[in-house]
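Visitor: Got a sequence here, can you build the structure:
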Amino acid sequence: MRAVESALRPPWALEEEAFVARCTRCDQCIEACPTTILVRMDGGFPGVDFSRGECTFCSDCVAACEPMALRRDDVSIAPWDRVAVIGEACLAARGVECRVCGEACPEGAIRFRPRHGGVAYPELDPIACTACGACIGPCPARAIDSRARHSLLTESER
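Guide: Model prediction:
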């Protein structure tokens, strides 16, 4: 049985239980987001919608969060432990040349490896990927998502 991930919370959100306990659903983080990717989700809590754009990790949402459901105590801490995942719906898997995700990735984490007799297929460097979402919205096949790194390890170990 697969575990269901909760909604993707804004960067630097506390663990889900603590986040829900502290968040007052005031919308201050949503209003502070310059890329407008933060939206009201189930229960009125803020979440990330990468179809609207990407996260620049500016931390404006953290600064606006008075109840401290979003906390960035240490600037070296990553905003979340996530990575992009390219799924089977990728156009390259169907023989269609597409490099939109690679062109959109500000970190250069998606590169294309030529294949003999076929179109180049995207390969993601999980170390370079920040899961900013820049590749998710532009994908014409909606083949890209982000997942918690630990859930990918669990799936691959099975």
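
Visitor: where are the low-confidence patches of this protein?
Guide: Scanning the chain with the threshold set as pLDDT under 70 gives 1-6, 152-158.

Visitor: That one: helices as residue ranges?
Guide: Assigned by DSSP state H, the chain shows helices spanning 16-22, 28-32, 60-64, 100-104, 149-157.

Visitor: so can I have a markdown table of those helices showing distance to Val48 and mean neighbour count?
Guide: (Each C-beta comes from the backbone N, C-alpha and C, glycine too.) Below are the helices of the chain laid out as a markdown table (distance: least, Cβ to Cβ, whole Å; neighbours: other Cβ atoms under 10 Å):
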| stretch | distance to Val48 | mean neighbour count |
| --- | --- | --- |
| helix 16-22 | 13 | 14 |
| helix 28-32 | 10 | 18 |
| helix 60-64 | 10 | 20 |
| helix 100-104 | 16 | 18 |
| helix 149-157 | 16 | 11 |
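
Visitor: ok, which stretches of this structure are strands?
Guide: Under the criterion DSSP state E, the chain contains strands at 38-40, 46-48, 82-86, 110-115, 118-124, 144-148.

Visitor: what's the spacing between the fifth one and its chain's center?
Guide: Here strand 118-124 is found 21 Å from its chain centre; the criterion is Cα atoms, centre = their mean, to the nearest Å.

Visitor: Report the angle between it and strand 82-86.
Guide: Counting by axes from the mean of the first three to the mean of the last three Cα atoms, to 10 degrees, strand 118-124 points 170 degrees away from the direction of strand 82-86.

Visitor: List the neighbouring strands of strand 118-124 plus their orientation.
Guide: With DSSP bridges as the test, strand 118-124 is paired with strand 110-115 (antiparallel).

Visitor: need the strands of the chain in JSON lines with distance to Val20 and mean neighbour count, can you?
Guide: Shown next, in JSON lines, are the strands of the chain (distance: least, Cβ to Cβ, whole Å; neighbours: other Cβ under 10 Å):
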{"stretch": "strand 38-40", "distance to Val20": "14", "mean neighbour count": "17"}
{"stretch": "strand 46-48", "distance to Val20": "11", "mean neighbour count": "24"}
{"stretch": "strand 82-86", "distance to Val20": "19", "mean neighbour count": "22"}
{"stretch": "strand 110-115", "distance to Val20": "33", "mean neighbour count": "14"}
{"stretch": "strand 118-124", "distance to Val20": "31", "mean neighbour count": "16"}
{"stretch": "strand 144-148", "distance to Val20": "17", "mean neighbour count": "19"}
